[in-house]
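Chemist: dropping the sequence and predicted coords here.
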Amino acid sequence: MLKNKKVTYLLIILVMVIWGLVFNKIYSKFGGNKRVEKSLPKSIGSIENSKGDSVFTLILDYPDPFLKAGGLADNHPVTAANITQKQAIAWPSIEYRGYIVLSNKKESTGLLKIQNSDLLVKQGKEYFEVKIRSITKDSIFVQYKMQSRWLPILKK
C-alpha cells in the first residue's frame, strides 16, 4: 500500500512538470516579452514644408464620357420615356429536386419539376421552353425567354 502512494505522488509531480513545460512553451510563444530592436536609418531626409497655401483648380470642360459613343446624346435629356426597362417575365414553377451522375457515361442528369411535371433533364436540352444550361450538385442554371437564373436544390 505504501508503494502505491509513492508511485501516485511521483506521477502527480511528473504530470505537473510536463504541463508546466507545455504552458511555458505556449506563453513564451504568444505572450512572452519579445525584444525587438528597431534600427533607424543613418540619414533621414528632411521634408520641406511650404508656408504658402496651395490652390488647385479643376478644369471640367471636357465632354461627359458616358454620354458619347453609343450613349445618350447631349441634346436628348434623360427622361422616363428614354429609359427602356426589361419587362418582367412570369417564370413557370420550377423546382430542382436532385442530381444523378452516370459513371459509365460521365454525364449528369437533373431531376426537375416544371409545371407539376417530373422530368429527368440533361444539359443543353429544352423542356417546356426552359433550356438547361448547367447542372451541378447543389443548383441548376436555366434559361427561360432570354432570362437566366440559378435555382438551388429544393431541400425538405
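Modeler: That came in fine, so what should we check first?
Chemist: rest of the way, CA atoms for contacts and neighbours
Modeler: Will do.
Chemist: helix/strand/coil for K5?
Modeler: helix (DSSP: H, G, I helix; E, B strand; the rest coil).
Chemist: pLDDT (mean, whole number) over stretch 3-11?
Modeler: Regarding stretch 3-11, the rounded mean pLDDT is 89.
Chemist: again, but for stretch 91-111
Modeler: 81.
Chemist: ok so A88 is a strand residue?
Modeler: No: going by three-state DSSP, the assignment for A88 is coil, not a strand.
Chemist: how close does it sit to M146?
Modeler: 11 Å (Cα to Cα, to the nearest Å).
Chemist: can you map out the helices along this structure?
Modeler: Assigned by DSSP state H, the helices in the chain fall at 2-30.
Chemist: low-confidence regions, it specifically.
Modeler: Scanning the chain with the threshold set as pLDDT under 70 gives 1-2, 32-53, 68-87, 105, 156.
Chemist: contacting residues for the closest residue to G110 other than its chain neighbours?
Modeler: Leaving out its chain neighbours, the residue that sits closest to G110 by Cα to Cα, 6 or more residues apart in numbering is Y99, at 4.6 Å. Y99 is in contact with S108, T109, G110, L111, I135, T136, K137, D138, counting by Cα atoms under 8 Å, 6 or more residues apart in numbering.
Chemist: and with 6 Å instead?
Modeler: For Y99, the contacting residues are T109, G110, K137, by Cα atoms under 6 Å, 6 or more residues apart in numbering.
Chemist: neighbours of the first one, how many?
Modeler: The burial count assigned to T109 is 19, neighbours taken as other Cα atoms under 10 Å.
Chemist: so who does it touch?
Modeler: Y99, I100, V121, K122.
Chemist: could those residues go into a markdown table alongside distance to Y9?
Modeler: Below are the contacts of T109 laid out as a markdown table (distance: Cα to Cα, whole Å):
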| residue | distance to Y9 |
| --- | --- |
| Y99 | 62 |
| I100 | 63 |
| V121 | 72 |
| K122 | 72 |
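Chemist: out of the residues you listed, who's nearest P152?
Modeler: Y99 (11.4 Å; Cα to Cα).
Chemist: ok, the closest one to V7 distance?
Modeler: 62 Å.
Chemist: one more: Y96?
Modeler: For Y96, the distance to V7 - Cα to Cα - is 66 Å.
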